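Colleague: Structure of the sequence below:
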Amino acid sequence: MRNKFFEIIGGNKLNGTIRNQTSKNASLPILAASLISDDVVKLYKLPNITDIINMKKLLTNIGVEIVENGCQTTINPKFAQNNKMD
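Modeller: Prediction:
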């Protein structure tokens, strides 16, 4: 049986690649988690559905740079702004 979550224990720099299902329920938390990365995040085969499209718009609205090239989505959170939402 496959793990249903990724556990990250601090203290060490993360590096590497993981293979994940290309479902909305897997993709949305990964998109949100890209905000805490110090590096560019590359995701492949994100589903083209309303929830994912809206999350990418939300990230772009707070300054995250998102570039799509074929099946690859590159997320650069470097310029994300820490804005309070009403």
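
Colleague: Check which helix or strand residue 60 maps to.
Modeller: Secondary structure from DSSP states H and E places residue 60 in helix 50-61.

Colleague: Just the C-alpha atoms of the following helix or strand past that helix, please, in PDB.
Modeller: Where DSSP H and E defines the elements, the next helix or strand beyond helix 50-61 is strand 65-69. Taking Å, rounded to 0.1, in the frame of the first residue of the first chain, the C-alpha atoms of strand 65-69 are listed here in PDB:
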ATOM      1  CA  GLU A  65       5.800  33.400 -10.800                       C
ATOM      2  CA  ILE A  66       4.300  30.500 -12.700                       C
ATOM      3  CA  VAL A  67       5.500  29.400 -16.100                       C
ATOM      4  CA  GLU A  68       3.900  26.500 -18.000                       C
ATOM      5  CA  ASN A  69       5.700  24.700 -20.800                       C
END
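
Colleague: what does strand 65-69 rub up against?
Modeller: 56, 59, 60, 73, 74, 75, 76, 78, 79 (C-beta atoms under 8 Å, 6 or more residues apart in numbering). No exception for glycine: its C-beta is placed from N, CA and C like everyone else's.

Colleague: can you rerun that using 7 Å?
Modeller: Outside strand 65-69, the residues that touch it by C-beta atoms under 7 Å, 6 or more residues apart in numbering are 56, 59, 60, 73, 74, 75, 76, 79.

Colleague: what's the answer for stretch 27-47, then?
Modeller: Residues outside stretch 27-47 that contact it (C-beta under 7 Å, 6+ apart) are 20, 22-24, 51-52, 55, 59, 71-77, 80.

Colleague: re the thing from before, any quick ChimeraX command for the buried ones out of the contacts of strand 65-69?
Modeller: A single ChimeraX command selects the buried members of the contacts of strand 65-69 (16 or more other C-beta atoms under 10 Å):
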select :56,59,73,75,76
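
Colleague: any idea how far residue 51 is from the residue nearest the centre of the chain?
Modeller: Geometric centre of the chain, nearest residue: residue 31, 2.2 Å, by C-alpha atoms, centre = their mean. Residue 31 is 10 Å from residue 51, where distance means C-beta to C-beta, to the nearest Å.

Colleague: thinking again about what came up before, now for the contacts of strand 65-69, which pair is the farthest apart?
Modeller: Greatest spatial distance among the contacts of strand 65-69 (C-beta to C-beta): 73 and 79, at 16.7 Å.
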